[in-house]
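>>> Provide a 3D model corresponding to the input given below.
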Amino acid sequence: MSEQYHIIDTPLHTTEHVQCLINSNIHTVIRYYNYEYSHLKNKQLKKPEAKALSLGGVRIVVVFQYRQNQNKDFTWQQGSKAGRSAHSWALKIGQPKGSAIYFAVDYNPSKAEISSHIIPFFQGVKAEINDDFAIGAYGSGLVVNTLKDKNLCKYRWLSESRDFNGTRNAISTNEYDLRQIYMRNSKVCGLSVDYNAPVLEGHDIGSFVLDMTD
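Model (predicted):
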């Protein structure tokens with residue numbers, strides 16, 4: 001089943017696996033930004049890995065996540081802090097302006113919780129990103145489409161949890177840009193991965209490669 005999917009996300013470094021990924025028909029890898037002090041060092045995309053992927057012609061998508069799986073992780077101040085860190089990380093990597101940085105909402109908030117927590121967080125993110133990069137949102141159908149309607153994100157990435165609020169409807173109406181595919185214990189090239197699919201093959205999801213002339 002995985003052979004039809006060409007986009008993966010993984011919390012693990014891919015530098016030593018680029019040729020294997022190419023041979024496995026993977027054309028896009030989703031990796032993570034978070035805070036410098038994070039103990040989750042494997043999750044952090046660094047420039048050597050971004051260069052290795054780019055040299056191999058493998059496109060990159062980035063998502064900022066530092067827990068972000070409960071209401072208390074989402075305030076305007078925390079969004080501002082996340083946006084500032086993501087912006088700084090993108091500049092250090094050499095991420096091209098205009099490409100996307102996604103921000104994770106890794107749980108299933110209600111409509112009221114989206115209003116009270118998620119929207120302020122993304123308002124804080126937007127204040128720091130300042131149109132240098134496109135903002136993406138990862139989460140439920142209700143989360144990503146509410147943020148899209150509020151002009152707080154450009155790209156919508158549905159989490160694999162189809163029972164989250166609004167997700168089945170978003171899939172049925174094609175109101176998303178990218179969706180995570182549920183498969184138990186997926187691996188490619190020895191890496192633990194999730195597979196992903198765009199709403200249409202070739203659809204813009206804000207991916208990039210580094211400018212290797214720098």
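>>> ranges for the strands of the protein?
7-9, 28-33, 59-64, 100-104, 134-139, 155-158, 178-181, 187-188, 191-192, 194-198 (DSSP state E).
>>> of these, which approaches Asp211 most closely?
strand 59-64 (12.5 Å; Cβ to Cβ). Quick note: C-beta positions are derived from backbone N, CA and C, even for glycine.
>>> Give me the below-cutoff pLDDT ranges for the chain.
1-3, 37-41, 214 (pLDDT under 70).
>>> In the protein, which helix is the longest?
helix 76-93 (DSSP state H).
>>> just to revisit the earlier point, can you lay out the strands of the chain as CSV showing distance to Asp204 and mean neighbour count?
Putting those into CSV (distance: least, Cβ to Cβ, whole Å; neighbours: other Cβ atoms under 10 Å) gives the following:
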stretch, distance to Asp204, mean neighbour count
strand 7-9, 13, 23
strand 28-33, 12, 23
strand 59-64, 11, 23
strand 100-104, 9, 26
strand 134-139, 10, 25
strand 155-158, 8, 26
strand 178-181, 10, 22
strand 187-188, 24, 14
strand 191-192, 25, 16
strand 194-198, 8, 19
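>>> With respect to Asn42, which of the ones you listed lies nearest?
strand 28-33 (9.0 Å).
>>> now for that closest one, which elements pack on it?
strand 7-9, strand 59-64, helix 76-93 (3 or more Cβ pairs under 8 Å, 6 or more residues apart in numbering; DSSP states H and E).
>>> Kindly present these as CSV, with separate columns for distance to Tyr155.
Putting these into CSV (distance: least, Cβ to Cβ, whole Å) gives the following:
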stretch, distance to Tyr155
strand 7-9, 13
strand 59-64, 9
helix 76-93, 14
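>>> how far away is the residue nearest to Asn145 when sequence neighbours are not counted from Gly206?
Computed as Cβ to Cβ, 6 or more residues apart in numbering, the closest residue to Asn145 that is not its neighbour in sequence is Glu175, at 5.5 Å. Note on Glu175: its distance to Gly206, by Cβ to Cβ, to the nearest Å, is 17 Å.
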